[in-house]
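Visitor: starting from these lines, generate the structure:
(chains A, B and C)
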Amino acid sequence: MDVTPILDGLNDVQRQAVTAPPKPALIIAGAGSGKTRVLVHRAAWLIEVEHVSPQSLLAVTFTNKAATEMRGRIETLLKIPVQNLWIGTFHGLAHRMLRLHWQEAGLSKNFQIIDSDDQLRIIKRLLKNLDVDENQWAPKEIQWFINGQKDEGFRPKDINDEGDLNRKQLISFYDSYEKICQRGSLVDFAELLLRAHELLRENKNLLQNYHRRFRHLLVDEFQDTNAIQYSWLKLLAGDKGVPFVVGDDDQSIYQWRGARVEHINHFQKDFTDTNIIKLEQNYRSTETILNAANAVISNNNSRVGKNLWTEGNVGESIKVYSAYNERDESDFIVNRLREWIDQGNARTDSAILYRSNAQSRVLEESLINAQIPYKIYGGLRFFERSEIKDALAYLRLISNQDDDSSFERIVNKPTRGIGARTIEILRNYSRENACSLWQATDAILNQSLSNRAKKSLNEFILLIRRMTSEVENMNLHDTVDHVIHLSTLVNFYKKEKGDKGETRIENLAELVSAAKSFEIDVSEDISPLDKFLSHAALEAGEGQAETWEDCVQLMTMHSVKGLEFPLIFMCGMEDGLFPHQRSIADSSGLEEERRLCYVGITRAKQILYITYAEQRRLHGIDNFSQPSRFISEIPNEYIEEIRPKVQRVLPVHSNNIKQKMYTENELGIKLGQRVHHKKFGDGVILNCEGQGASTRVEVNFEQSSGTKWLVLSYANLDLM
DNA sequence: TACTATTTAATTTTT
DNA sequence: TTAAATAGTA
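Guide: Numbering: from 1, shown residues only, chains lettered A, B, ... in the order given. Sure, this is the predicted structure:
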C-alpha cells in the first residue's frame, strides 16, 4: 500500500493527527494551520490504509459549502467517488435520519422544513390568535427564546419557569408554537436537531444500528457545536465510536447563537483517553500579521492556549489609517484598492470586512464611483426571496394541505378577493376546532360567509385541488413550471412598478431551471417534490442566478470565517462599532468580539489594512468615537500609521460639528467625560446632540446594562 | 382592497 | 439614514 499521496505535504503534527490510532481525538487547529486538510486526509487514511468502509464514516460540518468541499477533496485524494459516505451538515444529516425514520420520530411522511422567516411568521400569527400585544411580547424575542431552548435540548415541559411570570408566558408560547408546527407537519431548523436527538435516544434498536454502522465520526468546527449537537454526537458515538473533532477555541464566534466552546473541555472528560493534538504552524499569513493576531487574542482569559507560528516572511507592516469620517475611510480603501489592482492583482483576492452589514453602503458608493466591481456576501439568498417563497408555498400546499404557514402566505397572493375578514373567520374556526385552515375552509364554505367571499375562497380551493391533480404524474420541473403558471404569480409581479417585478419574474424562471437541474435519487422513499422543498429550505442557495466575475469581496467579519485573502481591509474599527456597543459591557461578550477580531486579522495572507473613522454617521446622527481597543492591543512594532497627506475638504457634515463643539464647550461636557447621576450612578458620556436647553447626551452607566439618553438640563449630572 | 403617511427601531446568522 | 411595519385614507 502506497501511503505517500495521503501523507505527502503534511507536517509532522498534521501527520500525527492523520495517522492517529483509532481512539477519540481532539485536534486544536489554529487559524490557517491546515484544519480541513487534516480532516480530509484523515478520512482518506481511514478508508485507504485502515480499510474502514466509507459506510462506517460520518463527517459533519456546519455549512453546506464545507460539506461539499470536503467530499470533493476526499474524492480527489482517493481518485474515486465515495458513495455511501455520509458527509453533511448537522442539519442535513439530522434531516436525513428523520426522513428515514419519520414514523419513529413522530412526524408525518411529508413533513416540511421551515426557515427562520417562516418561523417568525408563525409566531406572529400565534400572537394575533392569542390576542397578545406585539409591543409587549416581541415576536423576535419569543423566537429567540424558543430556538435557544431547543438548542439546549429542552421541550416546554423540561423548562422550569423559576416562578417568573415572564418566563412562564414564554414557555406557554413555546408550547403553542410546537402544537402549530406538529399540526402542520412543520419542522424548524432547531427542531431538526432536537428531533434527531430524541429519535436516537428513544429508539434503542435504531441507535444500536447506527452504532454498528458508524465507527468514525469526523467533526469540523467543533468549537461551534451547540448543546444538542454535542449530545447527538455523543449519543451516536456510544462506547465504541471514535470521534475525531477539529476546532479552534479562538475562533468561536457564535456563542450568541448557542455554540458552546466548553465542549472542547467536556470532550476530554466525556471520552476517556483522548488524544489531544495542537496544530500551531500557520501556513497562511506573514509573521507580522500572525504576531499581531496572537497579541490581540492573548488578551482573552478563557482560552485553551496555543501559539501560532510561521516560517513565512515577516511581510509588510499593518497599515492603520485614521479617517475623518466614513466617507474618507471608504475613499481611502478604494484608493488603495485601485493601486493594488493596477499593480496587476486580481480583485477577487481582496476583501473588505466590517462588523455590521449597514456599513457596506458607504463602501458600495465609493466602489461604484471608482467603477470597481464588487460582490457583497450575506444578502438575501435565492430561496429566501419572497417571490420564490411564494411559489414554494404553492408547492408546499400541494404536498401538505395542512401547512397553515404556506396557506396564509398565498391564500390572497395574487389578490383574489380573500381579505382579512375572511381569513379571520377561517382562523377562528381553525382555532376553535383545532384543525388546519385548509380543513376549516370546508366547514366555512357552508356557513357564515358573504356570497362574494364564498366564491373567492371556493375558487382558491379549486385552484389548489386542480394543481394537485394535474401535477400528479408530472416530473419535478414540469410540476414547478405548471404550478407557477396556474398560480398566475407572473402576472401579479408584472404589475409591480419599477424593474423589481422584472427581476422577480426572472427568478421564478430560475426556480424552474433549478428544479430541472435538481438531481433526484429515485431509490429514496421520498417524493421528488418534498425532496426539492427540503433542499430549498436547507440550502438556501448561494446566488443561483449570479454570474461569476472578478470582483472585490465585501462581507462581515462573521461571514469571512474559513476564507483567506492576500489583501484585507478591516474597516470601522472603532469602539462601539467593533467591539460592538452591545457586547462591550460584559467580559464574555467582549472576548467574543476579540475572537471575531482575531478571525478577521488571520484572514489576511499578505497585506492588512485597519481603518477607523473619527466621526461616523450612524442612524442619521453623527457619532464621535475612539479607535477600537483592539488596535491598541497590537504591538506598535507591527503597525505603520498612515496620516492623510493633504488636508482634505472639510468633512461633509461641517455644520453639525461646529454646533457640537459649541455646546460641548459651553456646558463643559465632552465625549468620554465621566459623570455622576443621582439615580443611575457613575457613567461615561458617549454621545451628544442638540443644543441649548434641549442638548441630550448618551451615557453609559456602569450599574445598568446599555446606555441612556438624558436631557442635560434635567439630568443634573455631576462632572467627575 | 390598495396605496400613502407615519412611526419605530437599528449586531453578528453556518441551517 | 433607512427599511419595515402599521395606521389611515381613497
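Visitor: measure the residue nearest to A:D575 when sequence neighbours are not counted to A:L508 for me?
Guide: In this structure, A:D575 finds its nearest non-sequential neighbour in A:Q626, 4.7 Å apart by C-beta to C-beta, 6 or more residues apart in numbering. Heads up, the C-betas are built off the backbone N, CA and C, glycines and all. A:Q626 is 49 Å from A:L508, where distance means C-beta to C-beta, to the nearest Å.
Visitor: elements contacting the lengthiest strand in chain A?
Guide: Criterion DSSP state E: the longest strand present in chain A is strand A:604-618. Other helices and strands packing on strand A:604-618, by 3 or more C-beta pairs under 8 Å, 6 or more residues apart in numbering; DSSP states H and E, are helix A:287-297, strand A:318-325, helix A:326-342, strand A:565-570, strand A:621-624.
Visitor: and it, which strands flank it?
Guide: Sheet pairing here is set by DSSP bridges, and for strand A:604-618 it gives strand A:318-325 (parallel), strand A:565-570 (parallel), strand A:621-624 (antiparallel).
Visitor: quick check: angle from it to helix A:287-297?
Guide: Between the axes of strand A:604-618 and helix A:287-297, defined by axes from the mean of the first three to the mean of the last three C-alpha atoms, to 10 degrees, the angle is 50 degrees.
Visitor: those residues of the stretch 301-450 of chain A touching DNA strand C, which are they?
Guide: For the stretch 301-450 of chain A, the residues in contact with DNA strand C (C-beta under 7 Å from any atom of the strand) are A:R361.
Visitor: near DNA strand B, which residues of the stretch 301-450 of chain A?
Guide: Contacts of the stretch 301-450 of chain A with DNA strand B, taken as C-beta under 7 Å from any atom of the strand, map to A:355-358, A:378, A:412, A:415, A:417-422.
Visitor: ranking those by neighbours, who comes first?
Guide: A:R355 (24 neighbours; other C-beta atoms under 10 Å).
Visitor: what separation do you get for it and A:G148?
Guide: Distance, A:R355 to A:G148, using C-beta to C-beta: 23 Å.
Visitor: try A:F383
Guide: According to C-beta to C-beta, A:F383 stands 25 Å off from A:G148.
Visitor: between the two, which is the more surrounded one?
Guide: In terms of neighbours (other C-beta under 10 Å), A:F383 is the more surrounded of A:F383 and A:G148; the figures are 20 against 16.
Visitor: contacting residues around A:R347?
Guide: Contacts for A:R347 (C-beta atoms under 8 Å, 6 or more residues apart in numbering) come out as A:L337, A:I341, A:I372, A:P373, A:Y374, A:D550, A:C551, A:V552.
Visitor: try A:V552
Guide: A:L337, A:R347, A:T348, A:S350, A:A351, A:I352, A:L367, A:I372, A:P373, A:Y374, A:K375.
Visitor: quick check: the gap between the fourth one and DNA strand B.
Guide: Translated: A:S350. As judged by C-beta to the nearest atom of the strand, to the nearest Å, A:S350 and DNA strand B stand 18 Å apart.
Visitor: which residues of the stretch 201-350 of chain A fall in strands?
Guide: A:216-219, A:242-247, A:275-279, A:318-325, A:350-354 (DSSP state E, counting those that start in this stretch).
Visitor: excluding chain neighbours, what is closest to the one residue in chain A that gets nearest to DNA strand B?
Guide: At 1.5 Å from DNA strand B, A:G419 is the closest residue in chain A, using C-beta to the nearest atom of the strand. Once flanking residues are discounted, A:G419 sits nearest to A:N412: 7.0 Å by C-beta to C-beta, 6+ apart.
Visitor: ditto for A:I584
Guide: Leaving aside its sequence neighbours, A:I584 sits nearest to A:L590 (C-beta to C-beta, 6+ apart; 6.1 Å).
Visitor: where does that neighbour land on pLDDT?
Guide: According to the prediction, A:L590 has pLDDT 94.
Visitor: check contacts around it.
Guide: With contact taken as C-beta under 8 Å, 6+ apart, A:L590 is in contact with A:P579, A:S583, A:I584.
Visitor: from those, which ones fall inside helices?
Guide: Of the positions in the contacts of A:L590, A:S583, A:I584 sit in helices, assigned by DSSP state H.
Visitor: now A:L590: which helix or strand?
Guide: In the assignment (DSSP states H and E), A:L590 maps to helix A:587-601.
Visitor: phi, psi for A:K306 please.
Guide: A:K306 has phi and psi values of phi -170, psi 160 when expressed as degrees, to the nearest 10.
Visitor: surely it is in contact with A:E280?
Guide: Yes. If you go by C-beta atoms under 8 Å, A:K306 and A:E280 touch, sitting 5.4 Å apart.
Visitor: and for those two, which residues touch both?
Guide: What both A:K306 and A:E280 touch, as defined by C-beta under 8 Å, 6+ apart, is the set A:G30.
Visitor: comparing those two, which residue is more hemmed in?
Guide: Remark: of A:K306 and A:E280, A:K306 carries more neighbours, 18 against 15, as counted by other C-beta under 10 Å.
Visitor: residue contacts, that one?
Guide: Taking C-beta under 8 Å, 6+ apart, we find A:K306 in contact with A:I28, A:G30, A:D250, A:K278, A:E280.
Visitor: can I get the buried part of these as one ChimeraX selection?
Guide: Applying 16 or more other C-beta atoms under 10 Å to the contacts of A:K306 leaves a buried subset, and the ChimeraX line that selects it is:
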select /A:28,30,250,278
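Visitor: now, which of the contacts of A:K306 lie close to DNA strand C?
Guide: Okay, of the contacts of A:K306, nothing touches DNA strand C (C-beta under 7 Å from any atom of the strand).
Visitor: pick the one among the contacts of A:K306 closest to DNA strand C.
Guide: Among the contacts of A:K306, A:D250 lies closest to DNA strand C (C-beta to the nearest atom of the strand), at 34.0 Å.
Visitor: please compute how far the helix holding A:L590 lies from its chain's middle.
Guide: Here the centre of helix A:587-601 is set off from its chain's centre by 17 Å, with C-alpha atoms, centre = their mean, to the nearest Å.
Visitor: can I get it as PDB, trimmed to CA atoms?
Guide: Listed next in PDB are the C-alpha coordinates belonging to helix A:587-601 (Å, rounded to 0.1, in the frame of the first residue of the first chain):
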ATOM      1  CA  SER A 587     -16.400  40.300  29.600                       C
ATOM      2  CA  SER A 588     -17.700  37.300  27.700                       C
ATOM      3  CA  GLY A 589     -19.200  39.500  25.100                       C
ATOM      4  CA  LEU A 590     -16.000  41.400  24.700                       C
ATOM      5  CA  GLU A 591     -14.000  38.300  24.500                       C
ATOM      6  CA  GLU A 592     -16.200  37.000  21.700                       C
ATOM      7  CA  GLU A 593     -15.700  40.300  19.900                       C
ATOM      8  CA  ARG A 594     -12.000  39.900  20.300                       C
ATOM      9  CA  ARG A 595     -12.100  36.400  18.800                       C
ATOM     10  CA  LEU A 596     -14.000  37.900  15.900                       C
ATOM     11  CA  CYS A 597     -11.200  40.400  15.500                       C
ATOM     12  CA  TYR A 598      -8.700  37.500  15.600                       C
ATOM     13  CA  VAL A 599     -10.700  35.800  12.900                       C
ATOM     14  CA  GLY A 600     -10.600  39.000  10.800                       C
ATOM     15  CA  ILE A 601      -6.800  39.500  11.200                       C
END
